[in-house]
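[1] here is a sequence with its predicted model. Questions after.
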Amino acid sequence: MKEAVQTNKAPAAVGPYSQAIKTKDTVYVSGCLGLVPSTGDFESTTDVEIQTKQALENMKAIVEAAGSSMDKVVKTTILLKDINDFAKVNAIYATYFPSVPPARSTFAVAALPKAGLIEIEAIALL
């Protein structure tokens, strides 16, 4: 059985998908952009650090709405518009996962929705 997770503390999905899907013991969080929930826009269209922090705050809000927490995230996937932003992203990412960080994959991509600079998806345990 699956249940859609939705919170106003994160931006609405920009397509026909759920913010996350909750199953018996797992939460699958869709890719989070660095959009500000109240506006649906980026605070900055050029600063990957601002977008990274907001994407992680959005992910945190969704994970918590599902009844989990960031320390229960077991896997993330990061999509970057520019792989040269890797070190900047890592510095911010590390503050959200200070002990036992989740497994992770990071990819450079040609483009992201709404011309974002970063998108992060996650899998968390309940």
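    Received it, and whenever you're ready, just let me know what you need.
[2] packing partners for the helix or strand where residue 54 lies?
    For residue 54, the element it lies in under DSSP states H and E is helix 48-65. The helices and strands touching helix 48-65, judged by 3 or more CB pairs under 8 Å, 6 or more residues apart in numbering; DSSP states H and E, are strand 20-22, strand 26-33, helix 86-96, strand 118-125. In this view, the C-beta of every residue, glycine as well, is placed from N, C-alpha and C.
[3] so after it, what's the next helix or strand?
    Next in sequence after helix 48-65, counting helices and strands by DSSP H and E, comes strand 73-80.
[4] pairing partners for that following strand, with directions?
    strand 103-108 (parallel), strand 118-125 (antiparallel) (DSSP bridges).
[5] deepest of these, which one?
    Comparing the strands paired with strand 73-80 by mean neighbour count (mean count of other CB atoms under 10 Å), strand 118-125 comes out on top with a mean of 22.
[6] which other residues reach it?
    By CB atoms under 8 Å, 6 or more residues apart in numbering, the residues outside strand 118-125 that reach it are 25-34, 48, 51-52, 55-56, 59, 63, 66, 68-70, 72-81, 85, 89, 102, 112-113.
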